[in-house]
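Colleague: what would the 3D arrangement of this be:
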Amino acid sequence: MADLPPELVEDILRRLPVKTLKRFRAVAKSWRSLIDGDDFAKLHLRHSLTTNSNRNLIIGGLGAYTVALDSLDGAHPIKPPFYYKTVDVISNSCNGVVLVMSEPPILWNPYSADYKVLPDCPVERAAPDGCYCMTGFGFGYDSRNDDYKVVRVTEFRHIINHSSMANEASIYSHRSNSWRRIDPIPYPLTFSRGSWRVHVNGALHSLAKDSDSVLGLIIMGFSLETEMHYPMAMPDGIRVRGFGFTLDVVGNRLALVCTSRSRVVIWVMKEYGVADSWAELVALRPPAIERNDFVTPLVYSKEGDRVLLNCDDKRLVWYDLRTKSVDYVTVEGLPFAFYAEACVESLVSLGGGGRGKIKNSKVEKDERKENIRRKRDDFLSKGFKLVL
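Modeller: Numbers count the residues shown, from 1 in each chain. Sure, this is the predicted structure:
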């Protein structure tokens, strides 16, 4: 191994899953230095994204689990390296990092075990009379500034009709490790489990009411880079009567889920920001799904010919894009009720209140032994004036 050129070692290692890389840190100091480096973390992530490898599902609801997407062979429990309650919702994944919406919120890489507890950000505005507070979070990546950002929105909603009366918004920058107040969001947000989770193209997205639209709805985007809001077109020709609408993400594309009591249709925007690129992806009726099922698209298969769907937070099914048929998926160890987020394994370091760089138990043990031996020898040398 010592005779291998560094370029070849890097090319081999970038193809491996994080668990294997954690073990391989013990092979040599040069390997450990390479694997711990930010440049290699980006190289490893880029390879995983372009090859559709090292993909998983993060499962929440009744504990935290991970499921390998290539095999779907079982749900494996994850023990977060911080205090985690099952009521703490895990947000969308971004480059292998998720936001745990606890108090305080925590950025967490489930595969490197690195995490960062966010600093406090108290709400400054008091709730108006007759209103209650509802807080939601958005999480995403600003690629231009190489910065992970969290948006916190506290809405003040009317206690009777639950309409949004006002809101207070702040944005957290991981690069500066600080919160900053921003202008209020100019439209009510549609939170899913308290998360503004539709992150595509460096922006967070939400459905908003629009009296000028035939549907009465419009898609609004919020750029994490410029902090500007902008509208996006809905698909043409979609049915309105009897349907409810939710926004989602599949394959890093915007997805619009249209649900009625007996039908689910999912549209995807194939080219971001291009209204004419909306295309119907999935159309389902009973008995393929049950009546009133709430369907969420999760991820494309590695070959791109199927879409994995979460049906009512109880079942996973593959939808074949060619045959328009479904195959039910059995995952051993999956809770009876759950929510799921697609996640790629990564070495992204959060470098803060958690473990920092990835640790290897054998390396740590050897380092502790060496430190103990050195301290013992120093003590003997000074105490007994011996030359060792």
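
Colleague: please name the residues that touch the residue nearest the centre of the chain.
Modeller: The centre of the chain sits closest to Ser93, judged by Cα atoms, centre = their mean, with a distance of 1.0 Å. Listed by Cβ atoms under 8 Å, 6 or more residues apart in numbering, the contact set of Ser93 reads 58, 341-344. All C-beta atoms are positioned from the backbone trio N, CA, C, and that covers glycine.

Colleague: rebuild those residues as JSON lines, extending it with pLDDT, distance to Asp36 and neighbour count.
Modeller: Formatted as JSON lines, the contacts of Ser93 follow (pLDDT from 0 to 100; distance: Cβ to Cβ, whole Å; neighbours: other Cβ atoms under 10 Å):
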{"residue": "Ile58", "pLDDT": "94", "distance to Asp36": "24", "neighbour count": "23"}
{"residue": "Glu341", "pLDDT": "93", "distance to Asp36": "26", "neighbour count": "21"}
{"residue": "Ala342", "pLDDT": "94", "distance to Asp36": "26", "neighbour count": "20"}
{"residue": "Cys343", "pLDDT": "95", "distance to Asp36": "21", "neighbour count": "27"}
{"residue": "Val344", "pLDDT": "95", "distance to Asp36": "19", "neighbour count": "22"}
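
Colleague: for the host helix or strand of Ile218, give the mean pLDDT please.
Modeller: Applying DSSP states H and E as the criterion places Ile218 in strand 217-223. For strand 217-223, mean pLDDT is 92.

Colleague: after it, next one along is what?
Modeller: strand 229-232.

Colleague: on that earlier part again, and the contacts of Ser93 as a markdown table, adding secondary structure and distance to Ser277?
Modeller: Shown next, in a markdown table, are the contacts of Ser93 (DSSP: H, G, I helix; E, B strand; the rest coil; distance: Cβ to Cβ, whole Å):
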| residue | secondary structure | distance to Ser277 |
| --- | --- | --- |
| Ile58 | strand | 29 |
| Glu341 | strand | 25 |
| Ala342 | strand | 21 |
| Cys343 | strand | 26 |
| Val344 | strand | 24 |
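
Colleague: pLDDT weak spots in the stretch 201-350 of the chain?
Modeller: The stretch 201-350 of the chain contains no residues with pLDDT under 70.

Colleague: straight-line length of stretch 268-275, end to end?
Modeller: Start and end residues of stretch 268-275 are separated by 11 Å (Cα to Cα, to the nearest Å).

Colleague: wait, I meant stretch 166-185
Modeller: Stretch 166-185 has its terminal residues 9 Å apart, counting by Cα to Cα.

Colleague: and if you look at stretch 161-181?
Modeller: This stretch, stretch 161-181, spans 28 Å end to end (Cα to Cα).

Colleague: can you give the contact residues for that stretch?
Modeller: Contact partners of stretch 161-181, identified using Cβ under 8 Å, 6+ apart, comprise 107, 116, 118-119, 121, 123-125, 128, 131, 145-158, 182-185, 188-189, 224, 227, 350, 352.

Colleague: how about a cut-off of 7 Å?
Modeller: Here stretch 161-181 makes contact (Cβ atoms under 7 Å, 6 or more residues apart in numbering) with 107, 118-119, 121, 123-125, 128, 131, 145, 147-158, 182-185, 188, 352.

Colleague: select only the buried ones of those in ChimeraX?
Modeller: In ChimeraX syntax, the buried subset of the contacts of stretch 161-181 is picked out as below (16 or more other Cβ atoms under 10 Å):
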select :107,118,121,131,147,148,149,150,151,152,153,154,155,156,157,185,188,352
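
Colleague: which parts of the one helix or strand Leu49 maps to count as buried, going by neighbours?
Modeller: Assignment of secondary structure by DSSP H and E places Leu49 within helix 38-51. Neighbour-count burial for helix 38-51 flags 40-41, 43-45, 47-49 (criterion: 16+ other Cβ under 10 Å).

Colleague: ok, now stretch 68-78?
Modeller: Buried-residue list, stretch 68-78, by 16+ other Cβ under 10 Å: 68-69, 72, 75, 78.

Colleague: and those residues as TSV, adding pLDDT?
Modeller: TSV is the format used below for these (pLDDT from 0 to 100):
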residue	pLDDT
Ala68	95
Leu69	93
Leu72	92
Ala75	94
Ile78	91
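
Colleague: now, those residues that are in strands?
Modeller: By the criterion of DSSP state E, membership of the buried residues of stretch 68-78 in strands covers Ala68.

Colleague: and which of the buried residues of stretch 68-78 is nearest to Asn201?
Modeller: Set against Asn201, the nearest of the buried residues of stretch 68-78 by Cβ to Cβ is Leu69 (22.5 Å).

Colleague: can you tell me the closest non-neighbouring residue to that closest one?
Modeller: Arg55 (4.2 Å; Cβ to Cβ, 6 or more residues apart in numbering).

Colleague: relative to Asp147, how far out is that neighbour?
Modeller: Plainly put, Arg55 is 24 Å away from Asp147 if you go by Cβ to Cβ, to the nearest Å.
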